[in-house]
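[1] Have a look at this fold, sequence not included:
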């Protein structure tokens, strides 16, 4: 794969994640994230919270999606840094209004396929 091919593959993974988040489609999200991945954030009280992917996906399956609620999308890819042939970082913004997120995604090319290995994020409540 060339750098251009890798960039396109990474963009496709990110689009699957963002589409799945908006649509509440846990399958699309799961396809973007490695099974051992986790989501890491800090609470308002300064507590570190690590949520395994599958626990998060269960929450996605049980709640109404932003699309079902008629909420607009707020997706914005801020940067894609293709560090090398097997590692990349993506910084993006997305939302499930009232919650607006900034994500730092670490991607690894595993078995020839780009996957999100780790998500570190922060949340802002608005409105």
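    Good, I have the coordinates. Fair warning: this is a prediction, and the values are worked out from it, not measured in the lab. Numbering: from 1, shown residues only.
[2] For the rest of this, base every contact and every neighbour count on C-alpha atoms.
    Noted.
[3] all helices of the protein, in order?
    Counting by DSSP state H, the segments of the chain that form helices are 3-23, 26-32, 53-62.
[4] would you turn these into a markdown table with mean neighbour count?
    Supplementary listing: those in a markdown table, determined by neighbours: other CA atoms under 10 Å:
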| stretch | mean neighbour count |
| --- | --- |
| helix 3-23 | 18 |
| helix 26-32 | 19 |
| helix 53-62 | 14 |
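[5] I'd like to know which of those helices lies nearest to residue 80.
    Evaluated over those, closeness to residue 80 peaks at helix 3-23, with 8.0 Å, by CA to CA.
[6] Using CSV, please lay out the helices of the chain together with distance to residue 120 and mean pLDDT.
    Formatted as CSV, those follow (distance: least, CA to CA, whole Å; pLDDT from 0 to 100):
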stretch, distance to residue 120, mean pLDDT
helix 3-23, 14, 96
helix 26-32, 15, 98
helix 53-62, 12, 95
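[7] CSV for those, including distance to residue 43?
    Output for the helices of the chain, formatted as CSV (distance: least, CA to CA, whole Å):
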stretch, distance to residue 43
helix 3-23, 21
helix 26-32, 23
helix 53-62, 16
